[in-house]
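Undergrad: 3D, please:
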Amino acid sequence: MEYLITQLIKITPSSVSQILFKQRRLLVFLLNLSIILCSLVISIIIRFEFSIPANYTQNTIKIFSIFILTKIVIYQVFHLNRGLWRYTSLVDIRRVLIGNLIASTILALIFIGYRKEICREFALSVIIIDFLFCAGSMSWIRVCVRMIREINDNTPDTPLIRTVVVGKFKDVNTFLHAIDGSKTSRKILGIFGPEKITVGTIMGIPIKGSALELAEFVVNNKIMEIILIPPYSRKRFLRLLMTRLKRMNYNCQLKIIPGADQITNGNVKISDIREVEIDDLLGRPPVKFDHTEILDFVKAKNVMVTGGGGSIGSELCQQLCKYTPNKLVIFEFSEYNLYETERKLKPLFPDIEIISMLGDIRFKTTLDNAIAHHSIDIIYHAAAYKHVPLLEDNISMGFHTNVIGTSNVADSAEELGVKRVVIISTDKAVRPTSIMGCTKRIAERVVLEREKKGTEFVVVRFGNVLGSRGSVVPLFKQQIKEGGPVTVTTKKMIRYFMSIPEAVELVLQAGTIGTDQDIMILEMGEQVNIYDMAKRLIELSGFMPHRDIQIKFTGIRPGEKEYEELLAKEEEVEHTQCKRICIARKQDKLKNNKVDINYVKNMLKQTNHQELRNLCFKYIPENMLGQHYLDSI
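TA: Residues are numbered from 1 along each chain as shown. Take a look at the predicted model:
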């Protein structure tokens, strides 16, 4: 007795729940069996108004056995003896109705054919009443279970996110049907669309009005999340909505469904809903590319991408594969980045030969082996060190990789007959104030001042890309996630920004239309204020700047400047057939001061950082750098 009491004490509500979960099929079977028995008894009572004929009571076992066996078999065929009723939908109810209809039809046929042997004068109306009661009971129980589960989900322990959906009513309907039954943490309180309608519902959710009335409803009802369906996910509406919410001193999370095709086809999943990113708000017009030129340039060629595991390099690899090269060689120093890039590309492009090569551009032999072994036709040179503050303290590594590495790529390409090398450069190479910018500018000169030997060299220069490793946007997101503060250099700091896919597509276009020793400039749009960007990211995360998340000013770090430039003073612009790409024509003022790469190598052997700084001043006479290092020279 004492042992029994001890075991009973150990039983908790959670353990009971686990036991019931494990025995769910048995419980469902027993419940269905109870419904069958009760339904039959009630049907007979109703049919004969409580005056049950003697022949029914005499043949009770036969009648009940036939009903039970027939229905249990049919229920098993239609999977009605199992299921997660918390997710009951119209499909499940339809299956209940069809299963019971078929079972009742079979029962009717049995009693018509064998009525004398089973029960004389058996009333077929009993079967009709039984069908209505049985199907109704099973459907009602499933609906009640779902309703109870949905009510229980909205408890203080699991608070639901107060949400509104904005879109065309047809698309909203498709979206709500697509996510119906999915376990989400949202409570959708209203729908807004193109028309000023204040009556009507979609799947039980009320239509509250037009999209122009959204902001006021959001504030009054303390909405925590807005899901925007195209066309309401476009930049213009996003900026308008954020401005209105800011005026009302209110913030909530904005989520979008990126593609209208997903809505039209009904292929929407919970995972398709994503946060609004800062690049969704950039106001550049869409770019029209001549994909035919890129296809003709890349198709059936052997292409190599140095730094192919980096942010730009990996995107280059993916977009190049769309133009069906004969072979793609991913040349990368980081083992993990190389593995990740290969892992993502091979399933997407099984028909393209993708070669992964661990290598370091600082060692020419590794480049020679890769180019010679795979007969490379085109090289996209993206390998470089790009972090401004880090290179201020690691000057020699900056020169080794950005200058000597680029020189090695150029030498190997010329010696082994590569047709074209496209060099990825940066706006920080223009009137540079940092070691990073200086090394990239010297690297430009190394390839552009070479004597022509057959290989063409094209430099593509552009600004920052959103979301690249080490860039400011991922840093801000991480700081917001940690509760702040978000660190900004100064209120005046401005930068050019472009999304990675957009930048890479322009690089491919520029690398195709450029000619030997051209500097191709990508049009980056208007410069973005970093402080404003930080505030926008905080607002997009559902917080208020300086109230929920603090912004801390750290001051300009070594090598940084408050603005960037894409052209030096002595460079003139020539437009191309692509509106977003132009050519920088440089006046020949540095002809007698070519970069002596052997002298640079000697300075690196001596690890003389002061001499390396002097080289920057020597080879880059733009005055900003001279002023920056004047005291140390």
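Undergrad: buried stuff in stretch 608-624?
TA: If you call a residue buried by 16 or more other Cβ atoms under 10 Å, then stretch 608-624 has these buried ones: His609, Leu612, Arg613, Leu615, Cys616, Phe617, Tyr619, Ile620, Glu622. Where C-beta positions appear, they are placed from N, C-alpha and C, glycine not excepted.
Undergrad: Hmm, Arg445 is touching Cys616, no?
TA: No: contact criterion Cβ atoms under 8 Å: Arg445 and Cys616 do not qualify, at 11.8 Å.
Undergrad: what touches both of those two?
TA: Shared contacts of Arg445 and Cys616 (Cβ atoms under 8 Å, 6 or more residues apart in numbering): none.
Undergrad: residue ranges for the strands of the stretch 501-633 of the chain, please.
TA: Residue ranges of the strands in the stretch 501-633 of the chain, as given by DSSP state E, counting those that start in this stretch, are 518-522, 528-529, 551-553, 571-575, 581-586.
Undergrad: between the ones you listed, which gets the lowest average pLDDT?
TA: Ranked on mean pLDDT, the bottom entry among the strands of the stretch 501-633 of the chain is strand 571-575, at a mean of 69.
Undergrad: now the buried residues of stretch 608-624 as JSON lines including distance to Phe50 and pLDDT?
TA: Output for the buried residues of stretch 608-624, formatted as JSON lines (distance: Cβ to Cβ, whole Å; pLDDT from 0 to 100):
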{"residue": "His609", "distance to Phe50": "105", "pLDDT": "76"}
{"residue": "Leu612", "distance to Phe50": "106", "pLDDT": "80"}
{"residue": "Arg613", "distance to Phe50": "106", "pLDDT": "82"}
{"residue": "Leu615", "distance to Phe50": "108", "pLDDT": "79"}
{"residue": "Cys616", "distance to Phe50": "105", "pLDDT": "79"}
{"residue": "Phe617", "distance to Phe50": "109", "pLDDT": "77"}
{"residue": "Tyr619", "distance to Phe50": "108", "pLDDT": "81"}
{"residue": "Ile620", "distance to Phe50": "105", "pLDDT": "78"}
{"residue": "Glu622", "distance to Phe50": "105", "pLDDT": "63"}
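Undergrad: These into CSV, with extra columns for distance to Lys344?
TA: Formatted as CSV, the buried residues of stretch 608-624 follow (distance: Cβ to Cβ, whole Å):
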residue, distance to Lys344
His609, 39
Leu612, 38
Arg613, 40
Leu615, 39
Cys616, 38
Phe617, 43
Tyr619, 39
Ile620, 38
Glu622, 40
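Undergrad: before we move on, back to that, deepest-packed of the strands of the stretch 501-633 of the chain, please.
TA: When those are scored by mean count of other Cβ atoms under 10 Å, the highest mean neighbour count falls to strand 518-522 (a mean of 24).
Undergrad: on that earlier part again, from the buried residues of stretch 608-624, which land in helices?
TA: Among those, DSSP state H puts His609, Leu612, Arg613, Leu615, Cys616, Phe617, Tyr619 in helices.
Undergrad: Please name the nearest non-neighbouring residue to the first one.
TA: Leaving out its chain neighbours, the residue that sits closest to His609 by Cβ to Cβ, 6 or more residues apart in numbering is Ile395, at 4.9 Å.
Undergrad: since we're on that neighbour, how many residues are nearby?
TA: Ile395 sits with 20 neighbouring residues when counted by other Cβ atoms under 10 Å.
Undergrad: With Glu216 instead?
TA: Using other Cβ under 10 Å, Glu216 is surrounded by 12 other residues.
Undergrad: ok, it - contacts?
TA: Shown in contact with Glu216 (Cβ under 8 Å, 6+ apart): Met248.
Undergrad: how much space between it and Gly190?
TA: 12 Å (Cβ to Cβ, to the nearest Å).
Undergrad: Then Ile112?
TA: With Cβ to Cβ as the criterion, Ile112 and Gly190 are 55 Å apart.
Undergrad: again with Leu391
TA: Relative to Gly190, and taking Cβ to Cβ, Leu391 is found at 52 Å.
Undergrad: my guess is Val418 contacts Lys453, does it?
TA: No: with contact defined as Cβ under 8 Å, Val418 does not reach Lys453; the gap is 10.7 Å.
Undergrad: Show me the shaky parts of the stretch 401-550 of the chain.
TA: Where the stretch 401-550 of the chain drops to pLDDT under 70, the residues are 465-471, 496, 524-526.
Undergrad: Where do the helices of it begin and end?
TA: Here the stretch 401-550 of the chain has its helices, by DSSP state H, counting those that start in this stretch, at 405-415, 435-448, 472-481, 500-513, 530-540.
Undergrad: on that earlier part again, redo the ones in helices among the buried residues of stretch 608-624 as TSV? Include distance to Thr515.
TA: Shown next, in TSV, are these (distance: Cβ to Cβ, whole Å):
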residue	distance to Thr515
His609	38
Leu612	33
Arg613	34
Leu615	29
Cys616	29
Phe617	31
Tyr619	24
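Undergrad: okay, and for the stretch 251-400 of the chain, where does confidence drop off?
TA: 258-290.
Undergrad: Can you list the buried residues in stretch 126-138?
TA: For stretch 126-138, the neighbour count (16+ other Cβ under 10 Å) marks Val126, Ile127, Ile129, Asp130, Phe131, Phe133, Cys134, Ala135, Ser137, Met138 as buried.
Undergrad: of those residues, closest to Val303?
TA: Met138 (62.3 Å; Cβ to Cβ).
Undergrad: Give me the spatial nearest neighbour of the closest one, chain neighbours excluded.
TA: Per Cβ to Cβ, 6+ apart, closest to Met138 is Val96, 4.9 Å.
Undergrad: what mean pLDDT does the helix or strand that contains that neighbour have?
TA: Element membership for Val96, per DSSP states H and E: helix 90-118. Mean pLDDT, helix 90-118: 81.
Undergrad: after that helix, next one along is what?
TA: helix 125-153.
Undergrad: Give me the packing partners of that following helix, helices and strands only.
TA: helix 24-48, helix 90-118 (3 or more Cβ pairs under 8 Å, 6 or more residues apart in numbering; DSSP states H and E).
Undergrad: 10 Å instead, please
TA: helix 24-48, helix 60-77, helix 90-118 (3 or more Cβ pairs under 10 Å, 6 or more residues apart in numbering; DSSP states H and E).
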